[in-house]
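Participant: just need the structure, nothing else, for what follows:
(chains A and B)
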2 protein chains.
Amino acid sequence: MMSIKWNGDSVKILDQRRLPLEEAYNTYTNYYDVASSIRDMEIRGAPAIGIAAAMGIALAAKSMIGGRAEEFREKMNSVFTLFAGTRPTAVNLFWAINRMRGIIKDRSDVPGMVDLLEKEAIKMYDEDIDINRRIGKNGSRFLNDGDVVMTHCNAGALATAGYGTALGVIRAAVEEGKKIEVYACETRPYLQGARLTAWELLQDNIPVTLITDSMSGYFMKSGVIKKVIVGADRIAANGDTANKIGTYTHSVLAKNHRIPFYIAAPLSTLDADTPSGDSIPIEERSMDEVVYIGSYQIAPEGISVRNPAFDVTPAANITAIITEAGVIENPGRDGISAVLKKK
Amino acid sequence: MMSIKWNGDSVKILDQRRLPLEEAYNTYTNYYDVASSIRDMEIRGAPAIGIAAAMGIALAAKSMIGGRAEEFREKMNSVFTLFAGTRPTAVNLFWAINRMRGIIKDRSDVPGMVDLLEKEAIKMYDEDIDINRRIGKNGSRFLNDGDVVMTHCNAGALATAGYGTALGVIRAAVEEGKKIEVYACETRPYLQGARLTAWELLQDNIPVTLITDSMSGYFMKSGVIKKVIVGADRIAANGDTANKIGTYTHSVLAKNHRIPFYIAAPLSTLDADTPSGDSIPIEERSMDEVVYIGSYQIAPEGISVRNPAFDVTPAANITAIITEAGVIENPGRDGISAVLKKK
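Facilitator: Modelled structure (predicted):
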């Protein structure tokens, strides 16, 4: 399975909105369409949207190769702004944009800058798979043979360049010969668990059982769920972690039932500039995502809806944050800054 | 709005599966169809299914008026068994069946028994609305002017003969002039919150906001939700309460955030014969309820699914149980048995 691919003069993106019923790809030659693809959640997952933004920026650069350096830089600035406005919560997006911005900072030849931007986007893609394999290796020791592991949303191959973060840890444990069963929360409103995690794990023959988000307490209390592992969209300097709406709810339940709760994320998700979870902006999305499932309307006309796309899990509810540079147990300001120094 | 009605020789039932898009009624002259209507959740809600079973039993009795007393009693026993098998968790069903069985216990004239059964079904319907108004009156003092009150599933007029239990308490507070806003959890998989509670409250002009079940933690942590009130399908002798799947999850979150958590239910939901929540049978329903929303398939072919329809909230998570005979604060064995003596 492949979430995104750079084709030299276009970006090929798996339309995740059509999964699991259809495996359809769109090929974009215009950077503006790549930005829409991120905003409309055709591609999603913090690491994947960082890579998609980088590829969109490379595509934009290629279309602007003809002008003067100053003009090019000015146009690229508005491209950076466009991509920065697609999704506000995941910090990987801003990390990717800043990295692309930094790579051309001291250059003035347009073709050279275009070439650098393309190479950087490709590098970020290649690095991401490697990072995920290292996250997997660092985290697999937390999963025991026979464990039932609950996850929320999709922090898998589809949310990254490949292999996945939370699902990467599960894949690594399975590769080590451990028998792992996954309980996938469906993840309303956008159903990434039902549509993406279930599909992705079925393809890899990893046993997966679908539950509604509201069942997590039931299966923790009854002793079925042994561990929880999820991804992250932004980790503040104190360890507070923004992730898909519902994650906080699961974290409170896990703590209440003394079930270990792990975050798996690349260092690019750690945001030293955000002191705590209170400063993380929470994206509120369209009410249609709650009211319509496919074309099926589940609520009456005229209903008010709230649709925050993320919530913040306090560091105190997190057993460990698993990164490619090491594991931060009982995460807090010191552990986060120590691992960030390895960046 | 009307969930069920006795028509003398038929039972008219609002098809709740078609709400909120369509307000359609089915009229059944055969008791067997009434049993199917309960099993298939055309009518649902603990008090309402008790009444539906009583009306179905009255319908069966009328169709068997011609035979001898012994034969009639034997046939009615299999009718009782049929209705007892429709839904296992809500105790009101068994309460209603036992009440119907008891009313003909010492009788031997068939037409007299048929008449008694019809009158008892009508009486149960009339009593239920009165009971709900008394529950509302007993519980409204817990809701303050300006409160945002979260509820799960539908414990409203649609789940009863009218007025509702949890929504009855909200209605009573509104009738007393308090400004109350309701946050309705959509209640996956069957979406009773989105389809029924939202519809019912919109009809009454009570402000209602729809959220997904996974958002309860977010809105408790952010201070929006001030109280939680839900219905019940069975309350054990120690106060442990079975209710729609997800209720337990909300109760843990409410306790964690020091938000009062109320159960509103008639005495017929209290089951002195069930010592604790561990003995309450939990119905596991078809995986299709999770995988299909309307005709829209949300998960890949071949996926495993768990679908427990209820969970048990321990008495320790419940601030008070509100009944028609009074309120049981910090519910436990003594409080439950004291209120049951008033039955």
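Participant: tell me the first helix or strand C-terminal of the lengthiest helix in chain A.
Facilitator: Longest helix in chain A by number of residues (criterion: DSSP state H): helix A:110-139. On the C-terminal side of helix A:110-139, the closest following helix or strand by DSSP states H and E is strand A:148-151.
Participant: A:A316 is in contact with A:T241, correct?
Facilitator: No: between A:T241 and A:A316 there is no contact, the gap being 11.1 Å when judged by C-beta atoms under 8 Å. To be clear about C-beta, it is placed using only N, CA and C from the backbone, and glycine gets the same treatment.
Participant: of these two, who's got more company?
Facilitator: A:T241 (31 against 13; other C-beta atoms under 10 Å in any protein chain shown).
Participant: per-residue confidence for the more buried one?
Facilitator: Per-residue confidence for A:T241 comes out at a pLDDT of 98.
Participant: list the contacts for it?
Facilitator: Counting by C-beta atoms under 8 Å, 6 or more residues apart in numbering or on different chains, A:T241 touches A:A232, A:R234, A:I235, A:T247, A:I263, A:A265, A:G277, A:V312, A:T313, A:A315, A:I318, A:I321.
Participant: could you verify that the fifth one is part of a strand?
Facilitator: Spelled out, it's A:I263. Yes: assessed with DSSP: H, G, I helix; E, B strand; the rest coil, A:I263 lies in a strand.
Participant: which residues touch it?
Facilitator: Here A:I263 is in contact with A:166, A:229-232, A:235, A:241, A:243, A:313, A:318, A:320-322, A:331 (C-beta under 8 Å, 6+ apart).
Participant: try it again at 6 Å.
Facilitator: A:A232, A:T241, A:I318, A:I321 (C-beta atoms under 6 Å, 6 or more residues apart in numbering or on different chains).
Participant: excluding covalently adjacent residues, which one is nearest to it?
Facilitator: A:I321 (4.6 Å; C-beta to C-beta, 6 or more residues apart in numbering or on different chains).
Participant: roughly how far does the residue in chain A sticking out farthest from the centre sit from chain B?
Facilitator: The C-alpha centroid of chain A is most remote from A:R68, which lies 36.1 Å away (C-alpha atoms, centre = their mean). A:R68 is 49 Å from chain B, where distance means C-beta to the nearest C-beta, to the nearest Å.
Participant: cool, and A:A84?
Facilitator: 25 Å.
Participant: ok, A:I170 next?
Facilitator: Using C-beta to the nearest C-beta, A:I170 is found at 16 Å from chain B.
Participant: neighbours of that residue, how many?
Facilitator: 30.
Participant: quick one: it is in a strand?
Facilitator: No: using three-state DSSP, the secondary structure at A:I170 is helix, not a strand.
Participant: now do the contacts for it.
Facilitator: A:I180.
Participant: same thing but at 10 Å, please
Facilitator: By C-beta atoms under 10 Å, 6 or more residues apart in numbering or on different chains, the residues touching A:I170 are A:136, A:139-140, A:143, A:147, A:149, A:151, A:155-156, A:164, A:178, A:180-182, A:201, A:204, A:206, A:208, A:227, A:229, A:264.
Participant: now A:K221
Facilitator: A:L253, A:N256, A:H257, B:Y248, B:T249, B:V252, B:G277, B:D311, B:V312, B:P314.
Participant: need the pLDDT of the closest residue to chain B within the stretch 1-150 of chain A.
Facilitator: Using C-beta to the nearest C-beta, A:P20 is the residue of the stretch 1-150 of chain A that sits closest to chain B, at 3.7 Å. A:P20 carries a pLDDT value of 95.
Participant: which SSE is it in?
Facilitator: Here A:P20 is assigned to no helix or strand, by DSSP H and E.
Participant: pretty sure A:E301 is touching A:V291, no?
Facilitator: Yes: applying C-beta atoms under 10 Å, one finds A:E301 in contact with A:V291, separated by 9.2 Å.
Participant: out of the two, which sits in the busier spot?
Facilitator: Neighbours were counted for A:E301 and for A:V291 using other C-beta under 10 Å; A:V291 has more, 21 against 10.
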